[in-house]
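Novice: Predicted structure and sequence below. I'll ask about it afterward.
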Amino acid sequence: MPLQIIVGAQWGDEGKGRIVDWFAAQADIVARYNGGDNAGHSVTVGSQLFKLHLVPSGIIHSRPIAVLGNGMVINPEALLNEIDMLANLGVDVSPRRLRVSHAAHLITPAHRALDAALEAQRGKGSIGTTGRGIGPAYTDKAARTNLRVGDMLSADFGEKLAAHIEAANRTLTALQAPVLEVQPILSRFAEYVSRIAPYIADTSAETCAVLAQGGSVLAEGAQGTLLDLDHGTYPFVTSSATTAGGVFTGLGIGVTAARDAVVSGVCKSFQTRVGSGPFPTEVFDDLALRLRGTGANPWDEYGTTTGRPRRVGWLDGVLLRYAVRINGLTELVITKLDILSGLETLKLCVAYRKNGQIYQDLPFGPTELDGYEPVYEEFPGWSEDVRDIRRWRDLPSAACDYLQAISQLTGLPIRLVSVGPEREQIVEH
Ligand code: GDP
Ligand code: IMO
Ligand code: MG
């Protein structure tokens, strides 16, 4: 299959990284098309836990070339730290294997400072951003004033960077936030330029060439459908196109590549969200602790990037059906089934109720969730530990019934179910 898109079907952290890792061994290119180091993608291989923020998760396999596409916003310091981390773990991150789009946008210390200052100004209405400068960088991109990765190669990059920091300082002053010193930033960036230059490429041309030769491209989404700038729970969203449509603009490939594409929606067997915003199926107290975990295990629900505890709840089938439509999903991948083992009863939100009326779908998508109450269908749980199961027929029948209900609700086949964070803890259907 020439193009496979792995996209988060919820509010991010669905386990995309480990699912990309599952498919990456057969791919020629694994490419990130959106976001920046707000993402945190975990891949566990044996005793090694890889936490990736910018570099596509496919890099861990030796075959694919990893692409950071033009739709991304890239903090060069974070990228170099990640390259060093991977090299120390024995992963080949040479420019032969890692390609960074010349047209991707840069995140500078000014963007991070602005992210913090703007969140402080929002006070109680804060978005709960990751603080990585994502919103301000995409704001500058849309305003056509930002620096791009390719600008690092131009002789006047230092002057442009100084002007950018000075402009941001004027905004920071207006926000009563501390300003940044220009000179130390220029010196640091001078070092980044020399290290990043060999990685800069026309990744659109390279990706299109692989597709034209019948090669396979695996697109790795960051964040999730409900955090999409256009289609998510606006304004509690990120600033990029997280959904499948973003693949084409974010990698610079034509939409004809979609013809035979597989679009895999990754979805946890329950629901999580980190940051502010509506969450109709959210649960609290003991049940929340049960689903989130205490933080003792690396897979417990604490942010990979920020360490914040994630909000948790029952799987929202209405929002999942919405994700099917917005992304054109062709299949589902359900993660963290093992976490549900031992729960007596499971709830699945199959509709919403408002003023006595039942809604199978929300009238305006997830933008307006106020006053809509989840309607739950209940399922008996199972007590068996599923972590060592590798065949569908060995899953407890109650687990199969729950998965079957998700499949029926969405009209999609479930291709994979993960039963633990380890690379091999996957059940194929
Ligand atoms: P991503 O951002 O979508 O790549 O997801 P994250 O890596 O931020 O969060 C998913 C977390 O769940 C990570 O800690 C994974 O190691 C872990 N994980 C993924 N799949 C499973 C699973 O099936 N079972 C368990 N227990 N943990 C999983
Ligand atoms: P991965 O790729 C979960 C959330 C933040 C905040 C909102 C905006 O690991 O699934 P931003 O810093 O992007 O301006 O924050 O989006 N958010 C994520 N939540 N997973 C992510 O990435 C996220 N990236 C951003 O918590 O609510
Ligand atoms: Mg994550």
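Specialist: Received the coordinates, thanks. Ligands and ions are numbered 1, 2, ... in the order given.

Novice: which residue packs closest to Glu331, ignoring adjacent ones?
Specialist: Arg415 (4.4 Å; Cβ to Cβ, 6 or more residues apart in numbering). Just so you know, the C-beta spots here come from the backbone N, C-alpha and C atoms, and that holds for glycine as well.

Novice: Now the lowest-mean-pLDDT helix or strand in the chain: buried residues?
Specialist: Least confident helix or strand of the chain, by mean pLDDT, DSSP states H and E, is strand 363-366 with a mean of 90. For strand 363-366, the neighbour count (16 or more other Cβ atoms under 10 Å) marks Gly365, Pro366 as buried.

Novice: Check whether it comes into contact with ligand 2.
Specialist: No: using Cβ under 6 Å from any ligand atom, strand 363-366 never reaches ligand 2; the gap is at least 13.6 Å.

Novice: Can you spell out which helices and strands pack onto the helix or strand that that strand is followed by?
Specialist: Downstream of strand 363-366, the next assigned helix or strand under DSSP states H and E is strand 373-380. With contacts taken as 3 or more Cβ pairs under 8 Å, 6 or more residues apart in numbering; DSSP states H and E, strand 373-380 sits against strand 345-354, helix 397-410.

Novice: Include distance to ligand 1 when you put those into JSON lines, please.
Specialist: Formatted as JSON lines, these follow (distance: least, Cβ to the nearest ligand atom, whole Å):
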{"stretch": "strand 345-354", "distance to ligand 1": "16"}
{"stretch": "helix 397-410", "distance to ligand 1": "13"}
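
Novice: And those: which comes nearest Ile426?
Specialist: Nearest to Ile426, of all the helices and strands packed on strand 373-380, is helix 397-410, at 13.8 Å by Cβ to Cβ.

Novice: just checking, what packs against that closest one?
Specialist: helix 317-327, strand 331-335, strand 345-354, strand 373-380, strand 414-418.

Novice: now it: how far from the chain's centre is it?
Specialist: 25 Å (Cα atoms, centre = their mean, to the nearest Å).

Novice: residues near the residue nearest to Glu331, how many?
Specialist: 17 (other Cβ atoms under 10 Å).

Novice: wait, it sits on Glu428?
Specialist: Yes: using Cβ atoms under 8 Å, Arg415 makes contact with Glu428 at a distance of 7.2 Å.

Novice: residues from the stretch 51-200 of the chain in reach of ligand 2?
Specialist: Ile127, Gly128, Thr129, Thr130, Arg132, Ile134, Gly135.

Novice: who touches the residue nearest to Glu331 in this structure?
Specialist: Each residue near Arg415 by Cβ atoms under 8 Å, 6 or more residues apart in numbering is listed here: Ser264, Glu331, Leu332, Val333, Glu428, His429.

Novice: where's the spatially most distant residue from the centre of the chain relative to Leu369, distance?
Specialist: Going by Cα atoms, centre = their mean, the residue of the chain most distant from its centre is Gly356, 35.8 Å out. Noted for Gly356: a distance of 18 Å to Leu369, by Cβ to Cβ, to the nearest Å.

Novice: Repeat that for Val263.
Specialist: 25 Å.

Novice: So which of the two has more stuff around it?
Specialist: Using other Cβ under 10 Å as the criterion, Val263 and Leu369 rank with Val263 on top: 22 against 19.

Novice: Determine how far the helix or strand where Ala219 lies lies from the middle of the whole chain.
Specialist: If you go by DSSP H and E, Ala219 is part of strand 217-220. With Cα atoms, centre = their mean as the basis, strand 217-220 stands 13 Å off its chain's centre.

Novice: Show me what that strand is packed up against.
Specialist: For strand 217-220, the packing partners by 3+ Cβ pairs under 8 Å, 6+ apart are strand 3-8, helix 16-24, strand 29-32, helix 203-212, helix 246-251.

Novice: Going by neighbour count, which residues in it are buried?
Specialist: Those buried within strand 217-220 under the rule 16+ other Cβ under 10 Å are Val217, Leu218, Ala219, Glu220.

Novice: wait, the third one sits on Leu3?
Specialist: Looking back up the chat, that one is Ala219. Yes: counting by Cβ under 8 Å, Ala219 touches Leu3, with 6.9 Å between them.
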